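Peer 1: Here is my input; please provide its structure:
(2 chains)
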Amino acid sequence: MLFKKPQVAFYPFTVIRDPDRCVKCKSCVDQCSFEATYYDEDYDKIMNKNENCVNCKRCEAFCPTDAIKVVPNPSTFHPDANWTPEAIRDIHVQMLTGAIILTSTGNDKPYKNYFDHLLLDACQVTNPSIDPLREPMELKTFLGRKPDRLEIDEDCVSIKTTIGKQLELEIPVLFSAMSYGSINLNLHKAMAMAAEENGTYWNTGEGGLHKSLKKFKDCTIVQVASGRFGVDIEYLETSAAIEIKIGQGAKPGIGGHLPGEKVNEGIAETRMIPVGSDAISPAPHHDIYSIEDLRQLIYALKEATNYEKPVSVKIAAVHNVAAIASGIAHAGADIIAIDGFRGGTGATPKSLRDYVGIPIELAIAAVDERLRKEGLRNNVSLIAAGGFRNPVDVLKAIALGADAVYIGTVALLAAGCTQCQQCHTGRCAWGITTNDPKLAKRLNPEIVAENLSNILRAWKHDIKEMLGAMGINAIESIKGNRLRLRSIGLTEQENKILGVLPAGM
Amino acid sequence: MGNKRNVYKIYPIEENCMSCRYCEVACTMVHSQSQDPVKAYKLENLIPRPKVEVEGAVSLSVTCRHCKHPFCVDACVSGALYQDENGTVHLNEAKCVGCWSCVLMCPFGCVHPNLNKRYTFKCDLCEGRDFPACVEACPNRALVYDKER
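Peer 2: Numbering: from 1, shown residues only, chains lettered A, B, ... in the order given. Sure, this is the predicted structure:
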């Protein structure tokens, strides 16, 4: 009766409440969606169940009198570099459940972040820098197939070559695919509003497009994944581009599973499945077992939409990514999106999240290099995804060879996310990765859209400042321009893969 | 719709309310001597005038509706509650005798008895302040201060 299982006894976080400041307004009790806080009538006090605390910090943020701090449990396991608390707790969980450890968000292991080992260039004396507040500076980016060469008319002015449909971006940053189901409609709406306002695109993810968001057609990329949820001709046509999802950086090689209890009426209607039924995305597309099969799907989608939409193929960055990307380019894709191993997810087995895939920095460099060598680079645009934290990462990725960058976690953070890694529970206290009506209403799409717009605006300014310092007045000029990068603290081999010189050379 | 009065009121937006109770704490704070939320509750024993009602996913902040025909004013035996020329319902604390008739009559439960001081209290739309504190404090735009709708 009083015995506590180790999983419960050795909880990782604890809520500290200052009784001198607590006014018993019970805000924290109502805000906690993990039942870690309750009001005890007998004591007339707010009490904790620390074993339930996930460190989402919702109570801390909403305590109007700053009476709460969520801290790591001061009681620690014996220090051991091998048997870390995480390693011990994982055993405790699996010995009780006999199941895979589910988690969410992106890879949290301390791998080397190559962005942090890359330095940008700046102008001094011999070439002038540019002040973006006084001189024009262009971040406009076009995604899609570019022709091999341009044919000019006899008048020497008009271009005879017809260029296929392009996605036109005011800033080379798009909102990454996050499905309706994994996140709620409020965030979908916020991303759509922000994308529309800022001249960029948002991606529906694999869960279809809710009917209320069809008006955002021109800034929407619709995704076709292995589950084919919500896919019909109307869906394909209600878009600016179509993306075939092969893989995801947080869980390369596996599919997805939206538990039936999360499938409410809105999700069921959008995904075109019965209410309460599990939405299972198979690991592979059952009609794609080769590049030739992928080509068939790409052209089936192009045919269905009258060749009016660019078709993107999204893959996870895995060991052989350059060869795979080359195959995708050969298969006729207009855009290749590559998701690195730091990419986030709403639910994934922990072992896959942390130990499968490769960093996006290396993947982008390798893919760009390979496509250039094969003369295919102009056939496809490259979108890098997975773990982008700031505009500097974006600029470095573009210098390494990407055309644009997908941001997912950044959008979640702008909505309030604290990276507590509980998306898979569907109990997100910030109302992001949940469809519980009580929690989902915590996201006001208007407010989130404003936050997202602010992020994009801030990043735009930042990128312009950095380009200006380099004396560049268009993002085009830094694309694949690895000469403006130097590495620090990397090995010769790493420099070779990234195609950059070490600092000082 | 022509019979709307030219009176400003606080309207709750149910679909945005996340029951954080900032409206309650902000109200208590601005009606305190100390203007400090902790002191307002702990030293001045104040109680919030809005009340966040929560029932499952439904939650909203309930404050005085400043009714066109206020039952509380009808019920008041001492003339402490009155409606001004704009239609806003006010309480003159000096006149209140603490009979709690208004508390019983308010259909929204928005007049509260202050048991320590023997008089009632209700939303005064933050008299003397530029803008109602609860509306200003709401982090999710679940309260609006607007003309009678």
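Peer 1: Show me the longest helix that occurs in the chain.
Peer 2: If you meant another chain, say so; for now it's chain A. Across chain A, the longest stretch assigned as helix under DSSP state H is helix A:445-469.
Peer 1: oops, I was thinking of chain B
Peer 2: If you go by DSSP H, chain B has its longest helix at helix B:22-30.
Peer 1: Quick one: list the elements packing against the helix or strand that that one is followed by.
Peer 2: Downstream of helix B:22-30, the next assigned helix or strand under DSSP states H and E is helix B:37-42. Helix B:37-42 sits against helix B:22-30, with contacts defined as 3 or more CB pairs under 8 Å, 6 or more residues apart in numbering or on different chains; DSSP states H and E. C-beta here means a position set from N, CA and C on the backbone, and glycine is covered the same way.
Peer 1: who's in contact with the helix it packs on?
Peer 2: Applying CB atoms under 8 Å, 6 or more residues apart in numbering or on different chains, the external contacts of helix B:22-30 come out as A:23, A:25, A:27, A:62, A:64-65, B:35-37, B:40-41, B:46-52, B:61, B:63, B:123, B:126, B:129, B:133-139, B:143.
Peer 1: what's near enough to touch residue A:356?
Peer 2: A:251, A:252, A:253, A:316, A:318, A:341.
Peer 1: my bad, should have said residue A:408
Peer 2: By CB under 8 Å, 6+ apart, the contact list for residue A:408 reads A:175, A:176, A:177, A:178, A:343, A:344, A:385.
Peer 1: got it, and residue A:455?
Peer 2: Residues near residue A:455 by CB under 8 Å, 6+ apart: A:410, A:411, A:414.
Peer 1: how about the last one, phi and psi?
Peer 2: When quoted as degrees, to the nearest 10, the phi and psi of residue A:414 stand at phi -70, psi -20.
Peer 1: Now do it, the pLDDT please.
Peer 2: On pLDDT, residue A:414 comes in at 96.
Peer 1: swap in the second one?
Peer 2: In this prediction, residue A:411 carries a pLDDT score of 97.
Peer 1: State the helix or strand in which it lies.
Peer 2: Assigned by DSSP H and E, residue A:411 falls in helix A:409-414.
Peer 1: right, is that helix up against chain B?
Peer 2: No: shown here: helix A:409-414 not in contact with chain B (CB under 8 Å from any CB of the partner chain), separated by at least 14.9 Å.
Peer 1: Tell me the gap between that helix and the middle of its chain.
Peer 2: In terms of CA atoms, centre = their mean, to the nearest Å, the gap separating the centre of helix A:409-414 from the centre of its chain is 8 Å.
Peer 1: Domain map for chain B?
Peer 2: According to automatic domain parsing, chain B comprises the domains B:1-63+B:125-149, B:66-110.
Peer 1: Give the rounded mean pLDDT of stretch B:4-11.
Peer 2: Stretch B:4-11 comes out with an average pLDDT of 89.
Peer 1: Going by neighbour count, which residues in it are buried?
Peer 2: B:7, B:8, B:9, B:10, B:11 (16 or more other CB atoms under 10 Å in any protein chain shown).
Peer 1: Turn the residues you listed into JSON lines, including distance to chain A and secondary structure.
Peer 2: Formatted as JSON lines, the buried residues of stretch B:4-11 follow (distance: CB to the nearest CB, whole Å; DSSP: H, G, I helix; E, B strand; the rest coil):
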{"residue": "B:7", "distance to chain A": "26", "secondary structure": "coil"}
{"residue": "B:8", "distance to chain A": "22", "secondary structure": "strand"}
{"residue": "B:9", "distance to chain A": "21", "secondary structure": "strand"}
{"residue": "B:10", "distance to chain A": "18", "secondary structure": "strand"}
{"residue": "B:11", "distance to chain A": "15", "secondary structure": "strand"}
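Peer 1: Pull up the residues of chain A that are close to chain B.
Peer 2: Near chain B, when you scan chain A using CB under 8 Å from any CB, you find A:20-21, A:23-27, A:30-31, A:62, A:64-65, A:431, A:436-438, A:441-442, A:444, A:446-447.
Peer 1: So which of these belong to helices?
Peer 2: Among those, DSSP H puts A:27, A:30, A:31, A:62, A:437, A:438, A:446, A:447 in helices.
Peer 1: Find the residue at the geometric middle of chain B.
Peer 2: residue B:123 (2.4 Å; CA atoms, centre = their mean).
Peer 1: need the helices for the stretch 201-350 of chain A, in chain order.
Peer 2: A:233-237, A:265-271, A:291-304, A:321-330, A:350-355 (DSSP state H, counting those that start in this stretch).
Peer 1: before we move on, back to that, which of the contacts of helix B:22-30 count as buried?
Peer 2: A:23, A:25, A:27, A:62, A:64-65, B:37, B:40-41, B:46-52, B:61, B:63, B:123, B:126, B:133-138, B:143.
Peer 1: Return the subset of those residues lying in strands.
Peer 2: Among those, DSSP state E puts B:51, B:52, B:61, B:143 in strands.
Peer 1: from those residues, which is closest to chain A?
Peer 2: residue B:52 (8.0 Å; CB to the nearest CB).
Peer 1: my guess is that closest one contacts residue B:12, does it?
Peer 2: No: assessed by CB atoms under 8 Å, residue B:52 is found out of contact with residue B:12, at 9.2 Å.
Peer 1: Which neighbours do those two have in common?
Peer 2: Residues within reach of residue B:52 and of residue B:12 at once, by CB under 8 Å, 6+ apart, are B:60, B:61, B:62.
Peer 1: can you pull the contacts of the second one?
Peer 2: It refers to residue B:61. By CB under 8 Å, 6+ apart, the contact set of residue B:61 is B:12, B:17, B:23, B:24, B:50, B:51, B:52, B:53, B:134, B:138, B:142, B:143.
Peer 1: Nothing else from me, thank you.
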